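**Q** Show me the folded form of this:
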Amino acid sequence: MVTGFDSDGKSIISMDGPVPDAGVSKSPDREVHWVWRSNDVPSELKDTVDPMLTYVGKRDWPAKEGYLIGIFKWDPGAGYPMHTTPTIDVGFVLSGQLELIMEKGSTILGPGDCYVQRGTPHGWKVVGDEPGVFVGLMVAAK
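**A** The predicted structure follows:
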């Protein structure tokens with residue numbers, strides 16, 4: 001669901017429904033629904049086009065001066081290898097357990113936990129026997 005304004009300048013629900021196919025990325029053990037993005041910060045509030053309709057390339061990080069928001073659902077045991085992105089990532093675990101792996105140590109995040117990942121080398125792995133579901137906001141950083 002996305003809010004906006006009508007022709008009289010009144011607030012409305014302007015979009016409601018599933019993420020467009022262009023914003024969905026699937027692999028055998030992971031699924032990501034990229035729900036919103038912007039190539040610029042600050043973003044234009046009066047834009048009426050769903051930016052996910054034209055999401056070409058399905059990059060896993062935002063444009064150089066933008067942001068990207070996704071809902072992630074990973075199967076038990078699924079993960080992402082150690083990597084670094086030029087972003088500040090803020091995430092919230094909705095269900096399951098997610099291991100955040102650092103170069104020195106790791107921690108387990110569960111439902112209700114929040115993380116702020118600041119461009120450091122890190123990896124992820126779903127631990128336990130239920131899928132890991134989390135929401136992540138990635139903001140381009142210097």
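
**Q** Check the separation of the first and last residues in stretch 17-29.
**A** Stretch 17-29 has an end-to-end distance of 24 Å (Cα to Cα, to the nearest Å).

**Q** how far out from the middle of the chain is it?
**A** 12 Å (Cα atoms, centre = their mean, to the nearest Å).

**Q** Was I right to think V139 contacts S43?
**A** No: V139 sits out of contact with S43 when judged by Cβ atoms under 8 Å, with a separation of 11.3 Å. Yep, even glycine has a C-beta here, placed from its N, CA and C like the rest.

**Q** Now for those two: what residues contact both?
**A** The overlap between the contact sets of V139 and S43 (Cβ atoms under 8 Å, 6 or more residues apart in numbering) consists of Y67.

**Q** So the residue nearest to T85 when sequence neighbours are not counted: helix, strand or coil?
**A** Across the structure, with Cβ to Cβ, 6 or more residues apart in numbering as the measure, the residue nearest T85 apart from its sequence neighbours is W61 (4.7 Å). Going by DSSP: H, G, I helix; E, B strand; the rest coil, the secondary structure assigned to W61 is coil.

**Q** who's more crowded, V139 and S43?
**A** Neighbour count, other Cβ atoms under 10 Å: between V139 and S43, V139 has more, with 17 against 13.
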